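[1] Have a look; sequence and predicted model below, questions after that.
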Amino acid sequence: MNRYTMLELIKNFFTEEECADALKEINLSQPLWKKCVDTDMYVLGNSFLRNQTQEYFNKHTVDSATVELFRKKISSLFQQEVKFCQTLSRPGFQIIKRNESNKPCVWHYDTILVRFPYNRDFLDYENFDNYFENYYVFGLMLSTGLSSFDYFPETQSNFSSIKSGTPLCENHHDLVGDECGNPNCKLIKFNTVEYTQGSLLIQSKKILHRVGIKDIDGTKEQRMTLQAYGVVKNDIMYLIW
Ligand SMILES: [Zn+2]
């Protein structure tokens with residue numbers, strides 16, 4: 001299956017019961033949650049973006065029934081073999097407390113996708129450009145209630161190791177809030193995708209986005225997602241984080 005749209009939302013990718021099991025698993029592992037110093041969000045698992053220390057390569061064997069179920073379901077959705085890597089870490093979880101700071105809603109591009117040390121698992125890998133047949137960014141909503149994702153559609157481009165010529169506002173990158181201070185800013189109104197428990201958001205373009213700002217609503221509920229990147233080589237998709 002090929003996908004060319006920038007964003008796609010698949011509802012009920014996980015059933016209510018599967019989400020409940022996932023939440024149970026995440027909550028049982030609460031002592032292992034790590035707070036990200038840059039964004040104030042919590043991470044369960046081993047994220048290359050959130051933990052770029054030397055520990056990354058020794059911690060990839062986190063065993064999660066939810067992540068294994070996700071792999072199987074992605075495989076049937078894409079009708080493709082889906083594997084984990086030997087060295088790069090498996091997908092994990094992101095937890096956001098809705099009554100803490102707005103920092104989890106920082107505007108960003110998922111440029112980490114081009115920066116993984118892919119040569120650890122792909123021996124002929126040299127450069128991201130043209131190496132993979134396809135790539136995706138996955139976010140699966142596990143918690144209940146309405147959640148959202150904000151983005152600027154006009155910022156979309158393909159992931160590339162070379163900076164693309166897409167017009168954008170440099171000030172908006174890494175911005176928390178909406179006051180970028182650039183008098184010539186062309187980013188006026190963002191779009192919002194709303195998603196509910198069990199929905200899978202698939203991003204297949206590089207796009208300026210953030211966790212929906214209205215998700216920090218002051219309630220004590222937590223916003224929990226499974227996060228993964230998928231890269232396709234020789235018709236096999238590899239899930240990493
Ligand atoms: Zn701006």
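    Sure, I can see it.
[2] ok, which stretches of this protein are helices?
    With helices called from DSSP state H, the chain shows them at 16-28, 65-78.
[3] Let me know the angle separating the last one from helix 16-28.
    Put simply, helix 65-78 runs at 140 degrees to helix 16-28, going by axes from the mean of the first three to the mean of the last three Cα atoms, to 10 degrees.
[4] Switch the helices of the chain over to TSV; also include distance to Val193 and mean neighbour count.
    For the C-beta atoms, the positions are set from N, CA and C on the backbone; glycine is no exception. TSV is the format used below for the helices of the chain (distance: least, Cβ to Cβ, whole Å; neighbours: other Cβ atoms under 10 Å):
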stretch	distance to Val193	mean neighbour count
helix 16-28	18	16
helix 65-78	18	16
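[5] With distance to the ion and mean pLDDT as new columns, can those helices be given to me in JSON lines?
    Output for the helices of the chain, formatted as JSON lines (distance: least, Cβ to the ion, whole Å; pLDDT from 0 to 100):
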{"stretch": "helix 16-28", "distance to the ion": "35", "mean pLDDT": "97"}
{"stretch": "helix 65-78", "distance to the ion": "35", "mean pLDDT": "97"}
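[6] ok, Cys180 - contacts?
    169, 171-172, 187 (Cβ atoms under 8 Å, 6 or more residues apart in numbering).
[7] what's the burial count for Asp63?
    7 (other Cβ atoms under 10 Å).
[8] coming back round to it: could you redo the helices of the chain as TSV and give each row distance to Ile162?
    TSV is the format used below for those (distance: least, Cβ to Cβ, whole Å):
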stretch	distance to Ile162
helix 16-28	37
helix 65-78	28
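[9] What are the boundaries of the strands in the chain?
    7-10, 34-35, 42-44, 81-84, 92-97, 134-141, 147-151, 191-195, 200-203, 209-211, 222-233, 236-240 (DSSP state E).
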